[in-house]
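Peer 1: Need a 3D model of the sequence below.
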Amino acid sequence: MVQTKGKDIHVIMINCVSSYSLTKSLASLKCLEHRIEGITIFNDGYLNLQINSSPFNKSINYVKSIEQDVGTTLNNLIQRIACDYILFLDNNAFFTSDTLEEELSLDNTFQLLTYKKLSNAEIIETPLLVKVDFLKKNPFFKKSQLPFKEALFSSWLSKIDRRCIKNVQYDFIKQSPLKQSQCLSQRIEFANKYHYERNYYEGLPSISVMISNYNMEHYVENAINSCFLQTQLPQNIFVIDDGSTDDSFKNLEKWIGYLGFNLFKTENMGKAKAMNKLIPYINTDFVLELDADDWLDPNAFGVIRRHLKDLPQNVALLYGNWRLWKQTSANDVRYAGLRKGKPISNKQELISYPFPLGPRIYRTSILKSINGFPLIEFENGRMYEDVSIINKLLKNYELFYKDFTVYNVREHNLSITKKNHSDWSDFLKYLD
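Peer 2: Predicted coordinates for the structure are as follows:
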């Protein structure tokens, strides 16, 4: 066991829920007082935190997240810390054991300690003690690369070599009771999927992703990162920037060099034409269409490929259900419910469908045989391109609905369907 000397731990407390739980967490650190060189508490102004009595009052520093970006703020803070370890206390956690000193140690074999916490009936692995040098080399994801802050630690752990991790099995850390909303429960359930076992299924169909981006600088990196944070990776990710006027392309260029990532750029021509530019490069059995402002569950491709395995050859499109998330501010989304799909076999059922089909997974050979997305005169082909191509597929091929949910739709004011007030009935006049 490593013998520690001096003040070698900096404590970082995030997602504090109340002054009571914060005071309780600080009190539980009393036996580590001789090792703690400082404490940073994240307080983004949601709570008026009052600590009446604590042995660490002089060592506490309160910080606000940079633009409510916890990942970036943590990365900047960690770069300035000179001690050996960071001790993370997330939300309402506190220590219960006098043997805390013995548990909080790392030899050269491991880089971090984790513990399992129970949250909304989900067992979530969470970092506890991490070597500072390791954190500096392995930063957290920034806000724009994740759907919500509850995914921060789980997504980070999913990228870490398990051989570096020591999981604490002892029951010396607990949590104060926390009332959870349906939205928070959905976020926690989602975050837990990052911990699913990575599986590789030989003989299953290959699959790629295609994304057309136009002015989605705040969201597109989340879409892309959701493809890389998979328990089973897609073969390729094809992204085309459709003449964006914001900083989208600058953000997209950061992903060049990632295995399987392919980036293209064109003048603004609309989604249908932009997607058609990508199709000749796709050589996998299937391709998933991902909107630049949406994202996938971490186990999406494992689930999808199992449904593709025995798909009849005349099926051109597989689809399922999706979750709706409404953008409530620049930094947050609210869960708005599950949208369950249903079978479609003709044009009338398509145009009466209450929402878009999703996720849309196309058979690549059929997509190429029909020359991709139709270019209709309505709005110069810039609207309802998904309905146009599905209508075309229905003439000679089948659609296949399965009851699975791995796709997340973001509803926000920048969506083209939100900004464009063209009448749906006008579009239907052009649908043959």
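
Peer 1: export the strand or helix carrying Phe153 as CSV, just CAs?
Peer 2: In this structure, Phe153 is located in helix 152-158 according to DSSP states H and E. What follows is helix 152-158 as a C-alpha-only set of coordinates in CSV (Å, rounded to 0.1, in the frame of the first residue of the first chain):
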residue,chain,number,x,y,z
LEU,A,152,-19.9,13.8,-18.0
PHE,A,153,-18.2,11.2,-15.8
SER,A,154,-19.8,8.1,-17.4
SER,A,155,-18.7,9.1,-20.9
TRP,A,156,-15.2,9.9,-19.6
LEU,A,157,-14.9,6.5,-17.9
SER,A,158,-16.0,4.7,-21.0
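
Peer 1: Could you tell me the per-residue confidence at the spatially closest residue to Cys16 that is not a sequence neighbour?
Peer 2: In this structure, Cys16 finds its nearest non-sequential neighbour in Leu22, 4.8 Å apart by Cβ to Cβ, 6 or more residues apart in numbering. (C-beta placed from N, C-alpha, C; glycine too.) Leu22 is assigned 83 on the pLDDT scale.

Peer 1: Was I right to think Leu22 contacts Ile14?
Peer 2: No - taking Cβ atoms under 8 Å as the definition, Leu22 is not a contact partner of Ile14, at 11.0 Å.

Peer 1: pLDDT-wise, which helix or strand of the chain ranks last?
Peer 2: Averaged element by element with mean pLDDT, DSSP states H and E, the chain has its least confident helix or strand at helix 416-419 (a mean of 45).

Peer 1: still on that earlier bit, mind listing what's buried in the strand or helix carrying the residue nearest to Cys16?
Peer 2: Under the criterion DSSP H and E, the helix or strand holding Leu22 is helix 19-27. Residues 21-23, 25-26 are the ones in helix 19-27 that count as buried (16 or more other Cβ atoms under 10 Å).

Peer 1: now swap in stretch 367-385 and tell me
Peer 2: Counting neighbours by 16+ other Cβ under 10 Å, stretch 367-385 gives 367, 370, 372-376, 378-379, 381-385 as buried.

Peer 1: Over to stretch 284-293?
Peer 2: 285-293.

Peer 1: Straight-line length of that stretch, end to end?
Peer 2: Start-to-end span of stretch 284-293 (Cα to Cα, to the nearest Å) is 24 Å.

Peer 1: contacting residues around the spatially closest residue to Leu296 that is not a sequence neighbour?
Peer 2: Nearest-residue entry for Leu296: Ser226, 4.4 Å, with adjacent residues in sequence omitted and distances by Cβ to Cβ, 6+ apart. Taking Cβ atoms under 8 Å, 6 or more residues apart in numbering, we find Ser226 in contact with 147, 295-298, 300.

Peer 1: Strands of the stretch 51-200 of the chain, residue ranges please.
Peer 2: Listed in chain order, the strands found in the stretch 51-200 of the chain under DSSP state E, counting those that start in this stretch are 60-63, 85-90, 93-95, 112-119, 122-131, 165-167, 173-175.

Peer 1: got it, and the stretch 301-432 of the chain?
Peer 2: Taking DSSP E, counting those that start in this stretch as the test, the strands found in the stretch 301-432 of the chain are 315-329, 332-339, 358-363, 398-411.

Peer 1: ok, and which of these has the densest surroundings?
Peer 2: strand 358-363 (a mean of 24; mean count of other Cβ atoms under 10 Å).

Peer 1: who does that one pair up with?
Peer 2: strand 286-289 (antiparallel), strand 315-329 (antiparallel) (DSSP bridges).

Peer 1: Which of these comes out lowest on mean pLDDT?
Peer 2: Ranked by mean pLDDT, the strands paired with strand 358-363 bottom out at strand 315-329, which scores a mean of 95.

Peer 1: Relative to Val70, how far out is Lys143?
Peer 2: In this structure, Lys143 and Val70 are separated by 7 Å, where distance is defined by Cβ to Cβ, to the nearest Å.

Peer 1: quick one: the residue nearest to Leu296 is in a helix?
Peer 2: Yes - with DSSP: H, G, I helix; E, B strand; the rest coil as the criterion, Ser226 is located in a helix.

Peer 1: Please report how far His307 lies from Ile39.
Peer 2: When distance is defined by Cβ to Cβ, His307 is 48 Å away from Ile39.

Peer 1: mind giving me the domain split of this structure?
Peer 2: Domain assignment for the chain by automatic domain parsing gives 9-194, 201-428.

Peer 1: ranking those domains by mean pLDDT, which is last?
Peer 2: The minimum mean pLDDT among those belongs to domain 9-194 (a mean of 85).

Peer 1: from the middle of its chain, how far away would that one be?
Peer 2: Shown here is domain 9-194, whose average C-alpha point lies 19 Å from the average C-alpha point of the whole chain (Cα atoms, centre = their mean, to the nearest Å).

Peer 1: Then stretch 378-396?
Peer 2: The chain centroid and the centroid of stretch 378-396 are separated by 29 Å under Cα atoms, centre = their mean.

Peer 1: what's next to it, contact-wise?
Peer 2: Stretch 378-396 has contacts (Cβ under 8 Å, 6+ apart) with 270-273, 275, 289, 316-317, 344-347, 350-351, 356-357, 360, 366, 370, 372-376, 399, 416-417, 420, 422, 424, 426-427, 429-432.

Peer 1: Wasn't Val11 part of a helix?
Peer 2: No - under three-state DSSP, Val11 sits outside any helix and is assigned strand.

Peer 1: can I assume it is in contact with Arg35?
Peer 2: No - the pair Val11 and Arg35 does not pass the contact test of Cβ under 8 Å, sitting 9.7 Å apart.

Peer 1: Check which element follows the helix or strand hosting Asp241 along the chain.
Peer 2: Element membership of Asp241, judged by DSSP H and E, is strand 236-242. With elements assigned by DSSP H and E, the helix or strand that comes after strand 236-242 is helix 248-253.

Peer 1: Any idea how many residues pack against Cys183?
Peer 2: Residues near Cys183, counting by other Cβ atoms under 10 Å, number 18.
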